[in-house]
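In: Let me see the structure of the following:
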Amino acid sequence: MRILDVDQSPPAEAAILTDHLIAGEVVRAAFVAPTGAILFTERRILIAQREHLLEARIETSSWPYRSVRHFSIQEGETAGSRASVRIWLGDEAHPLHLRANPGTDLRPLQRLLAERLA
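Out: Coordinates of the predicted model:
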């Protein structure tokens, strides 16, 4: 997995980030990075990612929530510091690591993951 620096995106705009959503699939949280997007729907985690900024090919991965082994949230103490979330998926050795740019709120994502793992 990779480390991605992300900004929050309104879930209502998620359809423009990837065309891999199925009919009626609701996006609960969405994050964008310079090389792709990470969508958290009511069913799965969807990662659409380019290897490089100029790469034309996009790899899309889909993970059901049952594949989440665990997650961690790290929050900074000051308003301008970065928060991050790490999500261990399936048998991947390294977690998906999302570093939130200042001003990005990861608390809704934390609640969503906690709900899905409960």
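In: Quick check: which ranges of this protein have low pLDDT?
Out: By pLDDT under 70, the weakly predicted segments of the chain are 1, 53, 55, 78-79.
In: Looks like L98 contacts I38 (just checking).
Out: Yes. With contact defined as CB atoms under 8 Å, L98 reaches I38; the gap is 6.6 Å. Where you see a C-beta, it was placed from the backbone N, CA and C, and this is true even at glycine.
In: Nearest residue to the middle of this structure?
Out: With distances taken as CA atoms, centre = their mean, I38 lies nearest the centre of the chain, 3.7 Å away.
In: The residue lying closest to Q110 once chain neighbours are set aside: how many residues sit nearby?
Out: Residue nearest to Q110 in three dimensions, not counting chain neighbours: I73, with 5.1 Å by CB to CB, 6 or more residues apart in numbering. I73: 17 surrounding residues under other CB atoms under 10 Å.
In: Now do the shared contacts for L98 and I38.
Out: Between them, L98 and I38 have 4, 6, 31 as joint contacts when contacts are counted by CB atoms under 8 Å, 6 or more residues apart in numbering.
In: mind putting those in CSV, distance to Q110 included?
Out: Putting the shared contacts of L98 and I38 into CSV (distance: CB to CB, whole Å) gives the following:
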residue, distance to Q110
L4, 17
V6, 14
F31, 13
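In: a markdown table please, covering those and showing secondary structure, distance to W63 and neighbour count.
Out: Converted to a markdown table, those look like this (DSSP: H, G, I helix; E, B strand; the rest coil; distance: CB to CB, whole Å; neighbours: other CB atoms under 10 Å):
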| residue | secondary structure | distance to W63 | neighbour count |
| --- | --- | --- | --- |
| L4 | strand | 15 | 21 |
| V6 | strand | 17 | 21 |
| F31 | strand | 15 | 25 |
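In: So which of those is the closest to I47?
Out: Of all the shared contacts of L98 and I38, the one with the least separation from I47 (CB to CB) is L4, at 8.8 Å.
In: For the closest residue to the closest one other than its chain neighbours, give me phi and psi.
Out: The shortest distance from L4 to any non-neighbouring residue, by CB to CB, 6+ apart, is to A33 (4.3 Å). Here is the backbone geometry of A33 (degrees, to the nearest 10): phi -130, psi 160.
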